[in-house]
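Undergrad: Return a 3D structure for these sequence lines:
(chains A and B)
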There are 2 protein chains.
Amino acid sequence: MFILMMGAKVQLVAPTLDPIVSESGVKITPTMTFADSPEKPTILFVPGGSGGVLKAAKDDTLLDYLADRGSKAEWVTSVCTGSVILGAAGLLDGYKATSHWLVRDALTAFGATPVNQRIVIDRNRITGAGVTAGLDMSLQMVGRLRGDDYAKSTQLFSEYDPQPPYDAGSPEKAPAATVRLLTDMHRGYSEKVKKLSKRAIKQ
Amino acid sequence: MFILMMGAKVQLVAPTLDPIVSESGVKITPTMTFADSPEKPTILFVPGGSGGVLKAAKDDTLLDYLADRGSKAEWVTSVCTGSVILGAAGLLDGYKATSHWLVRDALTAFGATPVNQRIVIDRNRITGAGVTAGLDMSLQMVGRLRGDDYAKSTQLFSEYDPQPPYDAGSPEKAPAATVRLLTDMHRGYSEKVKKLSKRAIKQ
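TA: Predicted coordinates for the structure are as follows:
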């Protein structure tokens, strides 16, 4: 949705311009280095992931960069487990926030107050739930930045008229067995995130 | 959603492994060449775009490749204007199909019957409307390939519980002025797609 904001420049920022293999196997080349990126971005956005998030939340170079730009950006945002990285960078201390439902509670360790909502806005911090919340979140941000009419044209252009074939998109709506299955499958990961949080807050 | 199907291998196939700059400015590296890609893919998926689609629909190497794999794939699928490319490759002749609403009618020139639906399934052809229809479409396909329970866990894992802040995601729901604005803005593009269609069917 951000890309549909005329005049907006979307940059994929990383330590170097070397290609990065995402967790889905897609090799993406950053468009800008940390050093060259704007001092005061309009939107600082941190995506989520699984193993990569654990690594990112211990990466001092990344956390220092985020803490710096996050203190100057107009909006500090994330989707999915990206809020764990924001938290580790100290950017959610004293803020309400959300994350993927499997790790949401772990945000307390960063001084944040977890909220069970698809999008949580607290002052200039905007966090989204599991990955697909990014659509709703970015559309809401287009509305704030460009007005409701512009946002509606963005929604129409991307034909965002969701018609999911099932109604199992949240732990409250999905069958109990499905929630249990995913919770059990990812227990190891959730535990790692919790430990990470504790470590981060001790620093 | 396809990436969440355990055991599935998602490949980004292109003529060479040279990085490709997408229309959104993201530089992506293909994972497989045309020559090395499976003879009989389970799913052949063609994404959409704007200018790139016009170019793709005139690219004989690409169209030959799609026509070949499309005749052998279990499922031949697209989202957004990707169906224009499928059409140009001759893969929608005699099929019901959809596309981005701005170019949907142009599908007639490829011998297809345009249907105003978010997802159109006709035998093994599955086409989706504008880009975000990909979520609903791929979730439906996960259901067909792995069963409803698996698809529900995929929906829960990606927390796909859409809550768009506006209800303007289709020409029927959006304000008339918004529909007119986008139609006028993209008239040149729609005309080009229509001409392309006529050219392709003459071959």
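Undergrad: can we go C-alpha only for contacts and neighbour counts from here?
TA: Fine.
Undergrad: separation between the residue of chain A most remote from its centre and residue A:171?
TA: Taking Cα atoms, centre = their mean as the measure, the residue most remote from the mean C-alpha position of chain A is residue A:177, 27.0 Å away. Distance, residue A:177 to residue A:171, by Cα to Cα, to the nearest Å: 10 Å.
Undergrad: Check residue A:135 too.
TA: 19 Å.
Undergrad: Surely residue A:154 and residue A:4 touch.
TA: Yes - at 6.6 Å, residue A:154 and residue A:4 qualify as touching, with contact defined as Cα atoms under 8 Å.
Undergrad: Those two - which one has more neighbours?
TA: More neighbours surround residue A:154 than the other of residue A:154 and residue A:4, with 24 against 18 (other Cα atoms under 10 Å in any protein chain shown).
Undergrad: quick one: what helix or strand has the more buried one in it?
TA: helix A:148-157 (DSSP states H and E).
Undergrad: which SS state does residue A:127 fall under?
TA: Recorded secondary structure, residue A:127: strand (DSSP: H, G, I helix; E, B strand; the rest coil).
Undergrad: ok, how many other residues are close to the residue nearest to it when sequence neighbours are not counted?
TA: In space, and not counting its chain neighbours, residue A:127 is closest to residue A:78: 4.9 Å by Cα to Cα, 6 or more residues apart in numbering or on different chains. For residue A:78, the neighbour count with other Cα under 10 Å is 30.
Undergrad: just checking, residue A:78 touches residue A:66?
TA: No - the criterion here is Cα under 8 Å, and residue A:78 misses it with residue A:66 at 11.7 Å.
Undergrad: any residues in contact with both of those two?
TA: Jointly contacting residue A:78 and residue A:66 under the rule Cα atoms under 8 Å, 6 or more residues apart in numbering or on different chains are residue A:86.
Undergrad: Which parts of chain A are strands?
TA: Using DSSP state E, the strands of chain A run over A:13-14, A:20-21, A:27-29, A:32-33, A:43-46, A:75-78, A:96-97, A:113-114, A:119-122, A:125-128.
Undergrad: Residues in contact with the fifth one: which ones?
TA: Under the contact criterion Cα under 8 Å, 6+ apart, strand A:43-46 has outside partners A:69-70, A:73-79, A:82-83, A:85-86.
Undergrad: pull the CA atoms of that strand into CSV?
TA: Output of strand A:43-46 as CSV, limited to C-alpha atoms (Å, rounded to 0.1, in the frame of the first residue of the first chain):
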residue,chain,number,x,y,z
ILE,A,43,7.8,5.8,8.4
LEU,A,44,10.2,3.4,10.0
PHE,A,45,8.8,-0.1,9.3
VAL,A,46,10.1,-3.3,10.6
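Undergrad: and that strand, which strands flank it?
TA: Using DSSP bridges, the strands paired with strand A:43-46 are strand A:75-78 (parallel).
Undergrad: Quick one, grab the pLDDT at the closest residue to residue A:95 other than its chain neighbours.
TA: Residue nearest to residue A:95 in three dimensions, not counting chain neighbours: residue A:112, with 5.0 Å by Cα to Cα, 6+ apart. On pLDDT, residue A:112 comes in at 96.
Undergrad: same thing with residue A:171?
TA: pLDDT recorded at residue A:171 is 98.
Undergrad: got a list of what residue A:180 touches?
TA: With Cα under 8 Å, 6+ apart, residue A:180 has no contacts at all.
Undergrad: gap between it and chain B?
TA: 10 Å (Cα to the nearest Cα, to the nearest Å).
Undergrad: same thing with residue A:83?
TA: 15 Å.
Undergrad: just to revisit the earlier point, residues in contact with the residue nearest to residue A:95?
TA: So residue A:112 contacts A:87, A:92, A:93, A:94, A:95, A:96, A:97 (Cα under 8 Å, 6+ apart).
Undergrad: quick check, nearest of these to chain B?
TA: Of all these, chain B sits closest to residue A:97, with 16.0 Å by Cα to the nearest Cα.
Undergrad: wait, that closest one sits on residue A:111?
TA: No - in this structure, residue A:97 is not within contact of residue A:111 by Cα under 8 Å, at 10.2 Å.
Undergrad: Tell me which of the two has more neighbours.
TA: residue A:97 (32 against 19).
Undergrad: Okay, and the beta partners of the more buried one?
TA: Applying DSSP bridges, one finds that residue A:97 bridges with residue A:114.
Undergrad: Ok, residue A:126 next?
TA: residue A:77, residue A:121.
Undergrad: okay, and the helix or strand of chain A with the least pLDDT?
TA: For chain A, the helix or strand with the lowest mean confidence is helix A:187-202, at a mean of 78 (criterion: mean pLDDT, DSSP states H and E).
Undergrad: Quick one: residues contacting residue A:53.
TA: Counting by Cα under 8 Å, 6+ apart, residue A:53 touches A:81, A:82, A:84, A:85.
Undergrad: any idea how far it is from residue A:129?
TA: According to Cα to Cα, residue A:53 stands 15 Å off from residue A:129.
Undergrad: so who does the closest residue to residue A:71 other than its chain neighbours touch?
TA: Excluding the flanking residues, the one nearest residue A:71 by Cα to Cα, 6+ apart is residue A:91, at 7.9 Å. The contact partners of residue A:91, taken as Cα under 8 Å, 6+ apart, are A:67, A:70, A:71.
Undergrad: What subset of the residues you listed is buried?
TA: A:67, A:70 (16 or more other Cα atoms under 10 Å in any protein chain shown).
Undergrad: Output the contacts of residue A:91 as CSV; include the columns pLDDT.
TA: Converted to CSV, those look like this (pLDDT from 0 to 100):
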residue, pLDDT
A:67, 96
A:70, 97
A:71, 97
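Undergrad: now, which of the contacts of residue A:91 sits nearest chain B?
TA: residue A:70 (23.1 Å).
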